[in-house]
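Q: Here is a sequence together with a model predicted from it:
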Amino acid sequence: MKDIRPITFGGEPDDSPLIIAGPCSAETREQVLTTARELSTAGFTLFRAGIWKPRTRPGGFEGVGAKGLEWLKEVKAETGMRVSTEVATRAHVEEALAAGVDLLWIGARTSANPFAVQEIADTLEEAGVDIPVLVKNPVNPDIELWIGALQRLYNAGLRRLGAIHRGFSTYGKSVYRNAPLWHIPIELSVRYPDMQIICDPSHMGGRRDLIAPLSQQAMDMGFHGLIVESHCNPDCALSDAAQQVTPEMLGYIIGSIVMRKAGQPTERLKLLREQIDGIDSELVEVLNKRMRISREIGRYKRENRMPVLQSSRFSDVVSSRVKAGEEMGMSREFMKTVLLAIHEESVRQQVEVLNERDQQQQQ
Ligand code: PEP
Ligand code: MN
């Protein structure tokens, strides 16, 4: 995906963030128009509203369907805002294009389904349009599936492609509705530096009070914009009420965010980055030293017919290192992840040592 272009609507691309705002769902003509008018007054120019809603379980509000597209047309005509909606099927794409929708996005449940994404891509290719499309990350943390969805659209000739990071489903309790797992969108941006990635703090946090901190965090990390849910009467919203805010509130939230520009690195930043590069190469060297010793232990265990895994030793190693790391201000979660990964590689190397011997005996 070489020649991906930024999400712009005519005119030259600038480095101002792409901000999309609007209700989770279009519910009534009045709700759509009131929300759009208020958002427009607050300075927003790109409107969102779900017309077809993929609900996790049946019985929820499944969207008003194609009649909502008429309301989006009115939003455009009256406020001059561009409008966007989620598509999941051939019929959605055809109807949205016919209604003059300016931007489409593919929802998290759909981007996890290659058949559905291909159907959307085929429909767009047949229509021969160059409409901007944003792909939400799939519900499960699978970067290849996310990239695969973007590639299907790319192969259909679309170039104004972007990604939406909305977090990933987890089982059990969490502060977030969908865990951010920031390293996944970061990996995406490393692999596709030209692709714009925006953050969806509404679906990530699932709560109004998390919109501001998540938005700030995303902008600090270099995301290109935000898609945020806003409703003229959030408490009465038919879907995602807990995470929607009024347009006025959203204007205030966005106005308080420090928007960082991904410009030229300053001299100081360059120096700091050089230090990080140096430390990283030391880190690789230290890991290599550790692995050499692991292999030595592997040889010892082999000679003494001991098993590779000794779980009590492993728990002691983890808990002492986690504690030390925590005392230095690193999170428990982080320390555990790092140690587990190191341990896994040590075990792999020790098993390799055992196999070397088996192979030698067989020869
Ligand atoms: C939405 O944007 O309203 C939506 C359904 O989001 P997601 O696909 O991220 O769950
Ligand atoms: Mn929603």
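A: That came through, no problem. All values reported here derive from a predicted model rather than from experimental measurement. Numbering: from 1, shown residues only. Ligands and ions are numbered 1, 2, ... in the order given.

Q: tally of neighbours for the nearest residue to L153 once chain neighbours are set aside?
A: The spatially closest residue to L153, leaving aside those adjacent along the chain, is A121, at 5.1 Å (CB to CB, 6 or more residues apart in numbering). For glycine as for every other residue, the C-beta is placed from the backbone atoms N, C-alpha and C. Residues near A121, counting by other CB atoms under 10 Å, number 24.

Q: where does A121 sit relative to P54, distance-wise?
A: Distance of A121 to P54, given as CB to CB, to the nearest Å: 18 Å.

Q: Leaving out sequence neighbours, find the closest residue to the residue of the stretch 1-150 of the chain found nearest ligand 1.
A: For the stretch 1-150 of the chain and ligand 1, the shortest gap (CB to the nearest ligand atom) falls at G107, measuring 3.1 Å. Nearest non-adjacent residue to G107, counting by CB to CB, 6+ apart: E86, 4.9 Å away.

Q: One more: P307?
A: K301 (7.2 Å).

Q: Counting by contacts, list what the host helix or strand of the one you found packs against.
A: For K301, the host element (DSSP states H and E) is helix 267-303. In this structure, helix 267-303 packs against helix 332-362, with contacts taken as 3 or more CB pairs under 8 Å, 6 or more residues apart in numbering; DSSP states H and E.

Q: Now find how far off-centre the helix it packs on is within its chain.
A: Mean-position distance between helix 332-362 and its chain equals 31 Å (CA atoms, centre = their mean, to the nearest Å).

Q: Please point out which parts of it sit buried.
A: 335, 339, 342, 346, 349-350, 353 (16 or more other CB atoms under 10 Å).

Q: on that earlier part again, the residue of the stretch 1-150 of the chain closest to ligand 1 against P138, yeah?
A: No - between G107 and P138 there is no contact, the gap being 9.6 Å when judged by CB atoms under 8 Å.

Q: where do the helices sit along the stretch 151-300 of the chain?
A: 183-191, 201-205, 211-220, 247-256, 267-303 (DSSP state H, counting those that start in this stretch).

Q: typed the wrong thing, it's the stretch 1-150 of the chain
A: 29-41, 67-79, 90-98, 108-111, 114-127, 143-155.

Q: Next, format the ones you listed as CSV and append mean pLDDT.
A: What follows is those, written out as CSV (pLDDT from 0 to 100):
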stretch, mean pLDDT
helix 29-41, 98
helix 67-79, 98
helix 90-98, 98
helix 108-111, 98
helix 114-127, 98
helix 143-155, 98
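
Q: Quick check: which of the ones you listed is buried the most?
A: Among these, ranked by average contacts under mean count of other CB atoms under 10 Å, first place goes to helix 108-111 (a mean of 23).
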